[in-house]
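Novice: Pasting the sequence and the predicted model now:
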Amino acid sequence: MNRVRLLVLNAALGPLDYRVPEHLAVEPGSVIVAPLGPRQVLGIAWESERLPGTEVPDARLRPILDVLPVPPLAAPLRRLIEWTADYYCAPLASVARMALSSGAALRGGGTLTEYRLTGVMPPRLTPQRDAAIAALDGEQGTIRELAELAGVSEGVLRGLVTAGAIEAVAVDIDRPYPPADHEHAPPDLSEGQQAVADRFVKAVRARRFAPFLLDGVTGSGKTETYFEAVAQAIRDERQVLVLLPEIALTENFLKRFEARFGVPPVVWHSSQKSSERRRAWRQVCASSRQGRGAQVVVGARSALFLPFARLGLIVVDEAHEVSFKQDDGVRYNARDVAVMRARFEQVPVVLASATPALESLQMAEAGIYEKVELPSRFGAASLPDIAVVDLREQVPPRGRWLAPPLVAGIEDRLARGEQSLLFLNRRGYAPLTLCRNCGYRFQCPNCSAWLVEHRLTRRLACHHCGHEVPSPETCPECGEADCLTACGPGVERIADEVAQLFPEARTAVVTSDTLSNPERIAAFVDAAESGAIDVIVGTQLVTKGYHFPELTLVGVVDADLGLEGGDLRAAERSYQQIAQVAGRAGRAAKTGEVLIQTRHPDAPVIAALAAGDRYAFYAAETDARRHAGAPPFGRWAAIIVSSEDEAEAREAARIIGHAAPRMDDLAVYGPAPAPLSLLRGRYRYRLLINARRSAALQQTIRDWLDSLQFAPGVRVGIDIDPYSFV
């Protein structure tokens, strides 16, 4: 190639053409440094026929500066980037940037200086030094990473280096991971599990696109079946990607993986140190065989765009989870993009869930996905008994939230030395704090949302933008003392109630606030497995992935909470969430029980859960979706308009609404103020589009918006297949 077209990693710039000097070799997918005015930009060499741009005469082309020492992005990944940008109406550059998510990894190998404790105590031990030494036991990283981990300044750590308490270590950036052993500890599978595993193994051997929907009840051993497919991929010297919806699930998964394959998998998520991400990225794209490189990667949705050298299998665990949908930036659904990556790579993909999304079930019904089922729990375990507690009849005492049957169930488990789990999907102590004297309510200054009281940290916090203030002693409006009251329960308040009712019980509050890093997650799992916790009170973090043999009671504190608001998938989401948390009970030999507190026992979701009849629920939900033209029978898209100036946002939304296309197969609703009309200091308006499946939805939206002009401060976002309606 004597000229190259670059996809520049800046969404504001279009494709740019450059000349290739004779001493540099470029091919499609090469990562390139090129000049742009007085500065340098990063880009990816792209096929010019697939990336239209302005043709520039050869004589006017500037030469590229360098080709970075990483393998070119392979054609299947480039096709995935194109598809994702097209389907989700996102800039191609924004999607491509996700594939080059570790900038430090692009500059090649070499060594990196990291630091660790030596075991030598410094002559002068200040409180900060003492805290740092305690926090960094067993840790290694850069000075910046260790300072963040220890919560001290970099100067404190540099002082410890001078004192000999911390030493520098040269680390090979490209050091390989220990190879996984596919024969390390083969499981003893049931007949049903073996049949499913054999089907997956056959697909991996065939090396072709094969989408599976693994539909298995909680505790049925879904992980063990797809682990056999992972073992086959390792045997064939192919790579595996396993996507998990929550970082909190990673620690438990790592233990199960290591028990099966002898070593932990490679981990990829946003909470990793930059050095760990650099190493993982470079090992993922390592092209050599004999175990070198990352064999199995377990990660959050962003791992989907890693540049695998020889991908052989993709698994999406808990594939129904809403967490797989990204709600800002490139608004993609990792579950659906995973299927497309498998198609481009020509490899099998397994969507595993105990409560599959309705869209996935319809794809299986249509024969596009192959559905494989595990209808019963593994071994001696049986599904728990489920009962409904009608809060209109079984009324909790004043100021309490746990009804008498649930309190009695906890008391019984404590007497038997068993564990209980109380589920309420609401962090903090109370969702609203107000003044009894003047009625003042604490509201976030950046969002149209109340501040949530967190008594564990003595703060009022916004769960949308992160704004925090100390819990006040007096009302800021009237100045009255001792007049602030908490309204409604969060998990901290439920934990307080448990402590009052059962002062001897050992209680753990499990939320994203309390389990904020892998170390805390691991400590919680160890405590629960060892029997050091009697009652777990948690949010959605405890609904999936955990296996505690002594946990025999699950109480859903407020089953109606998920049915509130304008979420068009509220019924399905509530069913999935409650069914998943119910599945934590009785996963070993002891029988489990689930008590669902509700004020609407006749609601279809609650009735289906109580009867254990998920097919009736899915049938009713399918009929309702078909009648409404909702997914999977129709298409949704949202247009979100925002600005720091409310008038600007309102005017931009009016312009968009006025220019809406008039089509028989497409309806536009709005514009209207978003339910969360102020978010992070920006005023928001929304339009909702409902289209038939035959409509050219994405192209229609692009044609509609491309001709419109807005004020400079206005942002217009497009959300294809939205899951959030706030």
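Specialist: Everything's here; your move.
Novice: in the stretch 51-200 of the chain, which spans are helices?
Specialist: For the stretch 51-200 of the chain, applying DSSP state H, counting those that start in this stretch gives helices covering 75-87, 92-99, 127-135, 143-150, 154-162, 191-206.
Novice: mean pLDDT for these: which is lowest?
Specialist: Of all those, helix 143-150 carries the lowest average pLDDT, namely a mean of 88.
Novice: Arg377 contacts Ser220, correct?
Specialist: Yes: if you go by Cβ atoms under 8 Å, Arg377 and Ser220 touch, sitting 5.6 Å apart. For the C-beta atoms, the positions are set from N, CA and C on the backbone; glycine is no exception.
Novice: Can you get me a residue count around Ser302?
Specialist: By other Cβ atoms under 10 Å, the residues close to Ser302 number 17.
Novice: Would you map out the domains in the chain?
Specialist: 3-96, 111-172, 191-374, 385-426+489-622, 634-720 (automatic domain parsing).
Novice: Rebuild the ones you listed as CSV, extending it with distance to Pro472.
Specialist: Below are the domains of the chain laid out as CSV (distance: least, Cβ to Cβ, whole Å):
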stretch, distance to Pro472
domain 3-96, 42
domain 111-172, 26
domain 191-374, 31
domain 385-426+489-622, 18
domain 634-720, 22
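Novice: ok, back up a step: can you add distance to Glu373 and give the helices of the stretch 51-200 of the chain back as CSV?
Specialist: Converted to CSV, these look like this (distance: least, Cβ to Cβ, whole Å):
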stretch, distance to Glu373
helix 75-87, 29
helix 92-99, 34
helix 127-135, 47
helix 143-150, 44
helix 154-162, 54
helix 191-206, 8
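Novice: Comparing those, which comes out most buried?
Specialist: Highest mean neighbour count of the helices of the stretch 51-200 of the chain: helix 92-99, a mean of 21 (counted as mean count of other Cβ atoms under 10 Å).
Novice: Tell me how far the lengthiest strand in the chain lies from the chain's centre.
Specialist: Ranked by residue count and defined by DSSP state E, the top strand of the chain is strand 666-679. The chain centre lies 25 Å from the centre of strand 666-679; the measure is Cα atoms, centre = their mean, to the nearest Å.
Novice: model confidence over it, on average?
Specialist: Averaging pLDDT along strand 666-679 yields 95.
Novice: Give me the packing partners of that strand, helices and strands only.
Specialist: Counting contacts by 3 or more Cβ pairs under 8 Å, 6 or more residues apart in numbering; DSSP states H and E, strand 666-679 is packed against strand 634-643, helix 646-658, strand 682-692.
Novice: Try it again at 10 Å.
Specialist: strand 634-643, helix 646-658, strand 682-692, helix 697-706 (3 or more Cβ pairs under 10 Å, 6 or more residues apart in numbering; DSSP states H and E).
Novice: picking that back up, looking at the helices of the stretch 51-200 of the chain, which is nearest to Lys273?
Specialist: With Cβ to Cβ as the criterion, Lys273 lies closest to helix 143-150 of these, at 4.7 Å.
Novice: Tell me which other helices or strands the closest one touches.
Specialist: Against helix 143-150 (3+ Cβ pairs under 10 Å, 6+ apart) you get strand 111-117, helix 127-135, helix 154-162, strand 166-172, helix 274-284.
Novice: So for Gly53, what's the pLDDT?
Specialist: Reading off the model, Gly53 has pLDDT 82.
Novice: distance of it from Val389?
Specialist: 64 Å (Cβ to Cβ, to the nearest Å).
Novice: neighbour-wise, which of the two wins?
Specialist: When Gly53 and Val389 are compared for neighbours, Val389 comes out ahead with 22 against 14, by other Cβ under 10 Å.
Novice: So in terms of bridging, what pairs with the more buried one?
Specialist: In this structure, Val389 bridges to Gln597 when assessed by DSSP bridges.
Novice: ok, it touching Pro601?
Specialist: Yes: counting by Cβ atoms under 10 Å, Val389 does reach Pro601; the two are 8.6 Å apart.
Novice: returning to what we had before: who wins for proximity to Gly479 among the helices of the stretch 51-200 of the chain?
Specialist: helix 127-135 (37.0 Å).
Novice: ok, and what's touching the closest one?
Specialist: For helix 127-135, the surrounding residues in contact (Cβ atoms under 10 Å, 6 or more residues apart in numbering) are 117, 119, 121-122, 125-126, 146-147, 149-153, 155-157, 159-160, 163, 165-166.
Novice: and the angle from that helix to strand 166-172?
Specialist: 40 degrees (axes from the mean of the first three to the mean of the last three Cα atoms, to 10 degrees).
Novice: hang on, the earlier thing: shared neighbours of Arg377 and Ser220, which are they?
Specialist: With Cβ under 10 Å, 6+ apart as the test, Arg377 and Ser220 both reach 190, 383, 583.
Novice: Please tell me how far the second one sits from Ser376.
Specialist: This points to Leu383. Taking Cβ to Cβ as the measure, Leu383 falls 8 Å from Ser376.
Novice: more crowded one of the two?
Specialist: Higher neighbour count among Leu383 and Ser376: Leu383, with 21 against 16, using other Cβ under 10 Å.
Novice: For the more buried one, which three-state class applies?
Specialist: Under DSSP: H, G, I helix; E, B strand; the rest coil, the three-state class of Leu383 is coil.
Novice: Which phi and psi values does it adopt?
Specialist: phi -70, psi 150 (degrees, to the nearest 10).
Novice: Check Pro549 too.
Specialist: Dihedral pair for Pro549: phi -60, psi -30, per degrees, to the nearest 10.
Novice: what's the closest non-adjacent residue to it?
Specialist: Ala588 (3.6 Å; Cβ to Cβ, 6 or more residues apart in numbering).
Novice: what about that neighbour, how many neighbours?
Specialist: If you count neighbours by other Cβ under 10 Å, Ala588 ends up with 17.
Novice: so it touches His547, yeah?
Specialist: Yes: if you go by Cβ under 10 Å, Ala588 and His547 touch, sitting 8.2 Å apart.
Novice: before we move on, back to that, host element of the residue nearest to Pro549?
Specialist: Assigned by DSSP states H and E, Ala588 belongs to neither a helix nor a strand.
Novice: Quickly note the distance from it to Ala74.
Specialist: Taking Cβ to Cβ, one finds Ala588 at 45 Å from Ala74.
Novice: Walk me through the regions of the stretch 1-150 of the chain where pLDDT falls short of the threshold, as ranges.
Specialist: 1 (pLDDT under 70).
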